[in-house]
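> Just a sequence and a predicted model for now, questions to come.
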Amino acid sequence: MIYTRIRGRTFYVFIFFFSFFFFILLRIGYLQLFRNSFLKKLAKSQRYSLIHIEGERGKIYDCQGRILATDINAFSIYADPKLIKDKKKYSLLLSSALGVSTSLIEKRLNRNRRFVWIKRKVSLEKKEKIEKLNLKGIGWVREKKRVYPQGSLAAHILGGVNIDNHGIEGIELFYDTYLRGKKGMMQVRRDSSSILLSSPFVLYPQKGADLVLTVDAQIQYWVEKYLEDTVNYFNARKGAVVVINPYNGEILALANFPSFDPNFLSKTSQKNLRNYTISSTFEPGSVFKIVTLIACIAKRVDEKINTIFCERGRFKIPGTILHDYRPYSNLTFKGVFKRSSNIGVAKLANLLGRKVLWEYIQKLGFGKKTRIDLPGEARGLVKPINSWSKTSSYIIPIGQEIGVTLIQLVKAMSIIVNGGFDIQPHLAKKIISDNFVWEKKYEKKRVLSPWVVEKAKKILVQVVEEGTGRRAKIKYVRVGGKTGTAQRFNIQLGRYAPYSYQASFVGFLENEKLSLVIGVTIEEPKKSHLGGVVAAPLFKKIAEKILAYKVLQLELAKQ
């Protein structure tokens, strides 16, 4: 009886183990036959992972072939937190070597992950410091770092990139699709002791396209230097300058002050990052009188009147009183613009009528983007004609109740200088890659008659020879332009601030070898607020330096 019970129990145990092992064999067979590829992939994924490698970003050159932006080799330090026991010790050592806060490193090392960045894109010197520490679970990979060899030069043109070398400001952002290299991939193999870089599979990254700008770095340097000197001398809030070829829209220089160094973009305040030449809208004041000048000539108003009575400096209009800086009685048509009489221009504009004035505001490109190849361009502020008040038709012609950007003023003056053709201001001259070469092509579209702009140019030359722009005069060179002194509107006060002005001058210079338009605006200057005193001399300094430089270039080219 006992023997029978033992045999029964043995039988059940045997059946249990037999069933168990039979089930395991079936499972093994199933996995081998039907799940073989899945298991291989799973095993591989546990041993290998893919790391994306950024392709080298294209270089940026000025028009003379000087490098403005390029990539250099850098080293990024990473860790496998699972292999690090004493995280506080590691944090202290890494912090000392890399200059990163201990708490930040410790926070990263405490993550429940097998891969964390400690610091991206460090120098060879710092990478070698880490290697000498011989820390288990710490490694490095080679990456590309964007650098700007000229420092802050042309900062508002170039912009900058983020830690992954993606454009986030300026030309780097606008042409990011071309400049950015194509990503590659590399396998990372893991073992029990560390993460090892291996190369059973490598897809090499591709370099991005190079970009050649219209900007001349030497001219850019002088523009930035003289702008900074002017802002500091007049204790102004900020300033901006644009230098452009009026015939093809090529920008030779574009500057703002204060500026920044794109090598340290993350440490730059948003205020300094803003490109005021294209994004800051302001009331232009008397510079805007070029619209009335052009419209009057086009409609032959200048031929129909001999003199305009300028009310001895005080003129009652709907809603307010217009004043001139100096009292004038009778002025000729040319005299109104030479002396920059607000009253004279307002009367001329009302002879034209608001529809004609609106038409020429549009023709000269105000109220719409110039389509410059930079991000963040403002459209400006131009009230629809059906929103004009009775006061508007008197004060819009003198540059109030309207918002413009410096690049719009420069474009408008360029249309006058180049014979009446619309232009597109631009910074990119060529894009060059292994697969293609792109060059900027110019499309001409006439918006003004040549006889109209030629008459206007002669009057603008007289503004410099005899009028408010005398401080822009250059010997033996034809210089013309228009000054502007605009009282700034204070939103908090809800009125024009008594001691806050925008001083501007937009002018041109011409000789047989060179034609340029230069726009200058200085915000809130203190020692003087007049455009003819603050902005016109800066125009002259820049123009004289460029003229000497261009003459030297021509002489060297002959040799």
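All right, it came through fine.
> Point to the residue nearest the middle of the protein.
Central residue check for the chain by Cα atoms, centre = their mean: the C-alpha nearest the mean position is that of Gly170, 2.7 Å away.
> In contact with it: list those residues for me.
Contacts were defined as Cβ atoms under 8 Å, 6 or more residues apart in numbering; by that measure Gly170 touches Ala155, His156, Ile157, Leu158, Gly159, Gly160, Pro262, Asn275, Leu374, Pro375. Bear in mind the C-beta positions are built from the backbone N, C-alpha and C, glycine included.
> now do 7 Å
For Gly170, the contacting residues are His156, Ile157, Leu158, Gly159, Gly160, Leu374, by Cβ atoms under 7 Å, 6 or more residues apart in numbering.
> Am I right that Arg142 sits in a strand?
Yes: assigned with DSSP: H, G, I helix; E, B strand; the rest coil, Arg142 falls within a strand.
> Contact partners for it?
When contacts are counted by Cβ under 7 Å, 6+ apart, Arg142 is found next to Asn73, Phe75.
> Quick check: it vs Arg120, distance?
When Cβ to Cβ, to the nearest Å is applied, the distance between Arg142 and Arg120 equals 12 Å.
> in the stretch 201-350 of the chain, which spans are helices?
Counting by DSSP state H, counting those that start in this stretch, the stretch 201-350 of the chain forms helices over residues 217-233, 270-273, 276-279, 289-298, 301-304, 333-338, 342-352, given from the N-terminal end onward.
> Restricting to C-alpha, output stretch 218-227 in CSV.
Coordinates of the C-alpha atoms in stretch 218-227 are reproduced here as CSV (Å, rounded to 0.1, in the frame of the first residue of the first chain):
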residue,chain,number,x,y,z
GLN,A,218,36.2,96.1,-44.2
ILE,A,219,33.3,98.5,-44.9
GLN,A,220,31.2,96.7,-42.2
TYR,A,221,34.0,97.3,-39.7
TRP,A,222,34.2,101.1,-40.4
VAL,A,223,30.4,101.4,-40.3
GLU,A,224,30.2,99.7,-36.9
LYS,A,225,33.1,101.7,-35.5
TYR,A,226,31.7,105.1,-36.6
LEU,A,227,28.2,104.2,-35.5
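> ok, and for it, which residues are buried?
Within stretch 218-227, the residues that qualify as buried are Gln218, Ile219, Gln220, Tyr221, Trp222, Val223, Glu224, Tyr226, Leu227, counting by 16 or more other Cβ atoms under 10 Å.
> pretty sure the second one contacts Ala253?
Yes: taking Cβ atoms under 7 Å as the definition, Ile219 is a contact partner of Ala253 at 4.8 Å.
> where do the contact lists of these two overlap?
In terms of Cβ under 7 Å, 6+ apart, Ile219 and Ala253 are both contacted by the residues Val243.
> how much space is there between Ala295 and Gly480?
Relative to Gly480, and taking Cβ to Cβ, Ala295 is found at 18 Å.
> Also Glu56?
Computed as Cβ to Cβ, the Glu56 to Gly480 distance reads 46 Å.
> Also Asn162?
Here the criterion is Cβ to Cβ. By it, Asn162 lies 44 Å from Gly480.
> between those two, who's got more neighbours?
Higher neighbour count among Asn162 and Gly480: Gly480, with 25 against 13, using other Cβ atoms under 10 Å.
> Test for you: state the pLDDT assigned to the more buried one.
According to the model's per-residue confidence, Gly480 sits at a pLDDT of 97.
> Look at it and give its secondary structure.
Assigned by three-state DSSP, the conformation of Gly480 is strand.
> Is the closest residue to it other than its chain neighbours in a helix, a strand, or coil?
Taking Cβ to Cβ, 6 or more residues apart in numbering, and ignoring the residues beside it in sequence, Gly480 has Leu460 as its nearest neighbour in space, at 3.5 Å. Secondary structure, three-state DSSP: Leu460 is helix.
> residues near Leu460, how many?
Other residues near Leu460 number 27, with proximity taken as other Cβ under 10 Å.
> now do Ile372
Tallying neighbours of Ile372 according to other Cβ under 10 Å, which is how burial is gauged here, yields 25.
> ok, it touching Pro425?
Yes: Ile372 sits in contact with Pro425 when judged by Cβ under 7 Å, with a separation of 4.6 Å.
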